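Trainee: have a look; sequence and predicted model below, questions after that.
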Amino acid sequence: MVLRDEFHRAVEHLARASYLTVLTGAGVSKESGIPTFREAQTGLWAQYDPQELATPDAFRRNPDLVWAWYMARWNRVAGAQPNPGHRALVDLEKLVPMVTIVTQNVDGLHIRAGSRYVVELHGRLGRFKCFDNCQGDPTLIDLEKIPYGRERAPNCPYCDGKVRPDVVWFGEILPASVLQGTISAISQCDVALVVGTSGIVQPAASLPAEAKRRGATVIDVNPAPDELVAIADIYLPGPSGEVLPALVEQLKNRVGRG
Ligand code: BJW
């Protein structure tokens, strides 16, 4: 009963929203078969802690290990498809005047699903740059134009340093354009929908509280209570591939009623 009330409240807020910002994390891609960031890894990678691979120091120490990890993840993502959660977020664009997705994910699945305004906070798998940004920040490298394999980090064609994935690692600053787009989406929204993130990695983890401070309603969707439940106005427990399509269906009925 309480859950139904919460769901109903969420639909009412979305029906009245003119600007919706959606902050997503790894959980939204779980139903596409992509493990979340903090889930135990499987197979060859089970012995490694992802938090210790996603750093510039890890790459400096062992570029080939970090390279092979990203190539394996890129390979997995290339074979995955957007799931009903991603698609429901695309459908929301027909029901709310402005929708911006701010995602921590590097899998590109929101864009592949068809979402129009997507800010990728932590970069993208399958895009590469020179580790030293020798030609300016970022020095992007087209992998098709250099010899490379899955096991060894290739050399930069300009400086002979190493090529790395164009993602944001711990201790690195998010690109200015990305921060600008994020601040704009957070400061304008009247509803912030948070989906599938543990809410522990900064600066993303502070965004819902900032939206709330500016007057937005915060709705959190996650099968397990995360760090953001404490500040959320509405918590909808459940996998996003089920909760988001159900929200869209109810919202269609509600908007249809006027
Ligand atoms: C489902 C589901 C289903 C399951 N449906 N949901 C202030 C205080 C303390 C520390 C810091 C601070 N400011 C900065 C820091 C340091 C650091 C940080 O935050 N550390 C924390 C660990 C404390 N931040 C940074 O370094 C950032 N840079 C920065 O702030 O620069 C300035 C600065 C630097 C240094 C010092 C101070 C200031 C950069 C952060 C970059 C993060 N990069 C990564 C890797 C990207 C590339 C890659 O993918 O390999 O981004 S780390 C990793 O975490 C990845 C993710 O995007 C990110 C968030 O993870 P996410 O998405 O929340 O995933 P999970 O796995 O944690 O959670 C999944 C959730 O899904 C769970 O809740 C499940 O329940 C749920 N779920 N199934 C819906 N079906």
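Mentor: Alright, I've got the coordinates.
Trainee: can we go C-alpha only for contacts and neighbour counts from here?
Mentor: Noted.
Trainee: neighbours of residue 96, just the number please.
Mentor: Here the neighbour count serves as a burial measure; for residue 96 (other CA atoms under 10 Å) it reads 17.
Trainee: over to residue 137?
Mentor: Residues contacting residue 137 under the criterion other CA under 10 Å number 12.
Trainee: and it, how far from residue 128?
Mentor: Residue 137 sits 12 Å away from residue 128, taking CA to CA, to the nearest Å as the criterion.
Trainee: which stretches in the stretch 101-250 of the chain count as helices?
Mentor: With DSSP state H, counting those that start in this stretch, the ranges of helices along the stretch 101-250 of the chain come out as 109-113, 176-188, 207-213, 240-257.
Trainee: hmm, residue 199 is touching residue 228, no?
Mentor: Yes - here residue 199 reaches residue 228: they are 5.8 Å apart, a contact under CA atoms under 8 Å.
Trainee: mutual contacts of the two, please.
Mentor: Common contacts of residue 199 and residue 228 (CA atoms under 8 Å, 6 or more residues apart in numbering): residue 205.
Trainee: compare the two (neighbour count), which wins?
Mentor: Using other CA under 10 Å, the more surrounded residue of residue 199 and residue 228 is residue 228, with 23 against 20.
Trainee: correct me if wrong: that one contacts residue 219.
Mentor: No - counting by CA under 8 Å, residue 228 sits too far from residue 219 to count as a contact (9.6 Å).
Trainee: quick one: contacts for residue 32?
Mentor: Listed by CA under 8 Å, 6+ apart, the contact partners of residue 32 are 80, 81, 82, 83.
Trainee: so which of those residues comes closest to the ligand?
Mentor: Set against the ligand, the nearest of the contacts of residue 32 by CA to the nearest ligand atom is residue 83 (10.0 Å).
Trainee: the closest one: neighbour count?
Mentor: Look at residue 83: counted by other CA under 10 Å, it has 20 neighbours.
Trainee: enumerate the residues of the stretch 151-258 of the chain near the ligand.
Mentor: Counting by CA under 6 Å from any ligand atom, the residues of the stretch 151-258 of the chain lying close to the ligand are 167-173, 195-203, 222-224, 226, 239-240.
Trainee: report the buried members of the residues you listed.
Mentor: Listed as buried from these are 167-170, 195-199, 222-223, 226, 239-240; burial here means 16 or more other CA atoms under 10 Å.
Trainee: mind checking which of the residues you listed are in strands?
Mentor: Among these, DSSP state E puts 167, 195 in strands.
Trainee: pLDDT-wise, what's the bottom of the buried ones among the residues of the stretch 151-258 of the chain next to the ligand?
Mentor: The lowest pLDDT within those belongs to residue 226, which sits at 94.
Trainee: mind listing the strands the lengthiest strand in the chain pairs with, and their directions?
Mentor: Of all segments of type strand in the chain, defined using DSSP E, the longest is strand 123-130. Strand pairing for strand 123-130, determined by DSSP bridges: strand 140-141 (antiparallel), strand 163-167 (antiparallel).
Trainee: right, and residue 211 touches residue 189 too?
Mentor: Yes - under the contact definition of CA under 8 Å, residue 211 touches residue 189, with a separation of 7.1 Å.
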